[in-house]
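J.: Structure for this input, please:
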Amino acid sequence: QLQLVESGGGLVQPGGSLRLSCAASGFTLDAYHIGWFRQAPGKEREGVSCISSGDIPTNYADSVKGRFTISRDNAENTVYLQMNSLKPEDTAVYFCATFRSAIPTLCPMRTWQYDYWGRGTQVTVSS
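T.: Numbers count the residues shown, from 1 in each chain. The predicted structure is shown next:
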């Protein structure tokens, strides 16, 4: 059974850092696109970053470019999201999600394309 479990969220001051983890089970990560999404109260879920299957590059939302880094550890079957220079507007529940693309392509950051989702981890940026 395909499963994703997020961890690493918490409370951090503005300018601080967190590293989120997305541990996968029931499938091999490097054959799937993996995306990180977030949802703040009263707002729609939005794409933050994604990492493509194979050797195709990563993708980032403009709001996090230069601050967030996505990576994949195939041995641990885990995807990470390193978040630096955090801002209050980064406060949200962060979700990872996955789907398997039929063709080699850059991962999308559209929620409707992802089939499997974790339950999320809360990130709060506040002084």
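J.: for this structure, what spans make up the strands?
T.: Ranges of strands in the chain, per DSSP state E, are 3-7, 10-12, 18-25, 33-39, 46-51, 58-60, 68-73, 78-83, 92-99, 116-117, 121-125.
J.: So, low pLDDT: which residues of this structure?
T.: For the chain, residues meeting the criterion pLDDT under 70 lie at 55.
J.: Now do the contacts for the residue minimising distance to the centre of it.
T.: Closest residue to the average C-alpha location of the chain: Trp36 at 2.0 Å, with C-alpha atoms, centre = their mean. Neighbouring residues of Trp36 by C-beta atoms under 8 Å, 6 or more residues apart in numbering: Leu20, Cys22, Gly47, Val48, Ser49, Cys50, Ile70, Val79, Leu81, Tyr94, Phe95, Cys96. C-beta: built from backbone N, CA, C; applies to glycine.
J.: Give me the neighbour count for the third one.
T.: In this case it means Gly47. Counted with other C-beta atoms under 10 Å, residues neighbouring Gly47 total 21.
J.: for the last one, same thing?
T.: Residue neighbour count, defined by other C-beta under 10 Å, stands at 31 for Cys96.
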